[in-house]
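>>> got a predicted structure here, sequence first:
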Amino acid sequence: MEELPIARAHLTGWIIGLQNRNSTSHFSLKGHVILLPQDTTKLLNILPLPLSNLANIVHVVWVGKPVQDINRLRDYFSVQIRRVYDTLVWLTQNNEDYKEVTIDHTNFERCPLVTSLGN
């Protein structure tokens, strides 16, 4: 999840189907994905994306029995903002593909240190 806000291009949609593996963990089922050609000259140059946009990129489908405790799934869909910020700073300083990226500090200032999709 932490890679999505700082990726310069995104899939149109990404579906993760979760299913109980045992009482303490889950595994994901990934189905078919169709990739469409993208104009890579229009890569994102102002990052990170607002975290509210992640819900348009990632869609979760629960498979099997209803989940007993939704809070146990938060770790799978949480973003540690400090880790995202540190990674983006490193990329802009060390990765040729991120040299032209502008860091939108206001997006970081609006977020709690750890946030979950759906919050």
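That came through, no problem.

>>> surely Leu91 and Val101 touch.
Yes - counting by C-beta atoms under 8 Å, Leu91 touches Val101, with 7.3 Å between them. All C-beta spots, glycine's among them, are computed from the backbone N, C-alpha and C.

>>> check the contact lists of those two and give me the overlap.
When contacts are counted by C-beta atoms under 8 Å, 6 or more residues apart in numbering, Leu91 and Val101 have no shared neighbour.

>>> and the next element down the chain from the helix or strand of the chain with the lowest mean pLDDT?
Within the chain, no helix or strand scores below strand 26-29, which has a mean of 57 by mean pLDDT, DSSP states H and E. Once strand 26-29 ends, the next helix or strand along the chain (criterion: DSSP states H and E) is strand 46-47.

>>> just for this structure, where's the confidence low?
Within the chain, the segments meeting pLDDT under 70 span 10-43, 113-119.

>>> gap between Val89 and Ile103?
Val89 sits 7 Å away from Ile103, going by C-beta to C-beta, to the nearest Å.

>>> just Ile57 next, same as before
Ile57 sits 20 Å away from Ile103, going by C-beta to C-beta.

>>> if we can go back for a sec, higher neighbour count, Val89 and Ile103?
Between Val89 and Ile103, counted using other C-beta atoms under 10 Å, Ile103 has the larger neighbour count: 17 against 12.

>>> leaving out the residues flanking it, which one is nearest to the more buried one?
Closest residue to Ile103 apart from its sequence neighbours, by C-beta to C-beta, 6 or more residues apart in numbering: Leu88 at 5.9 Å.

>>> check Asp104 too.
Excluding its sequence neighbours, the residue lying closest to Asp104 (C-beta to C-beta, 6+ apart) is Ile46, at 5.2 Å.
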